[in-house]
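Novice: Fold the following and give me the result.
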Amino acid sequence: MFEGVRTVMVFAVDPEASARWYGDLLGVPVRVDVADDTGAVYAWVETGGVELGFHPADDARNPRGGSPVVYWRVPDVGAVRERLLAAGCAHHRGPLVIGPGRRIAQLRDPFGTVIGIEGP
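Specialist: Just a heads-up that it's a prediction; the model follows:
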């Protein structure tokens, strides 16, 4: 039934700024769509076959931080964690060993969204 993750949507106060930060970090282009009727911005990047999209936060329907934590597979948790911290993320939890050869860590991006990384 499920074939894989296609899109991860994050609710953000400033969707375009969030997407640009990730685009710069990952070295990928940012795409932006502006709704004709409301002017709302949806911005996204693509990495690893997944669209990482940023939708306007709305306290009533889509509060910021209302998304689950997504864990990105990485080649080295320690090295990627340091790169994310240098790029402006803040420590949230971990790194933790969760099994043989498996570690996880969580960080908060500069916009308050918790992201996870998993790998050796």
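Novice: Which strands or helices does the biggest strand by length in the chain pack on?
Specialist: Taking DSSP state E as the criterion, the chain has its longest strand at strand 90-99. Helices and strands touching strand 90-99, by 3 or more Cβ pairs under 8 Å, 6 or more residues apart in numbering; DSSP states H and E, are helix 77-86, strand 102-108. Backbone N, C-alpha and C define where each C-beta goes, glycine included.
Novice: Direction-wise, compare it with strand 102-108 and give the angle.
Specialist: 170 degrees (axes from the mean of the first three to the mean of the last three Cα atoms, to 10 degrees).
Novice: Could you say which helix or strand holds the residue located most distally from the centre of the chain?
Specialist: Residue farthest from the centre of the chain, counting by Cα atoms, centre = their mean, is residue 37 at 27.1 Å. Using DSSP states H and E, residue 37 sits in no helix or strand.
Novice: follow-up on the earlier one: what does the longest strand of the chain contact?
Specialist: Outside strand 90-99, the residues within contact range by Cβ atoms under 8 Å, 6 or more residues apart in numbering are 77-78, 81, 85, 103-108, 114.
Novice: If you rank the residues you listed by neighbours, which is first?
Specialist: residue 105 (23 neighbours; other Cβ atoms under 10 Å).
Novice: what sits against it?
Specialist: When contacts are counted by Cβ under 8 Å, 6+ apart, residue 105 touches 77, 81, 92-96, 116-117.
Novice: which one of those residues is nearest residue 42?
Specialist: residue 116 (22.9 Å; Cβ to Cβ).
Novice: Is it correct that the closest one is in contact with residue 71?
Specialist: Yes: in this structure, residue 116 is within contact of residue 71 by Cβ atoms under 8 Å, at 3.7 Å.
Novice: Right, I'll call it a day here.
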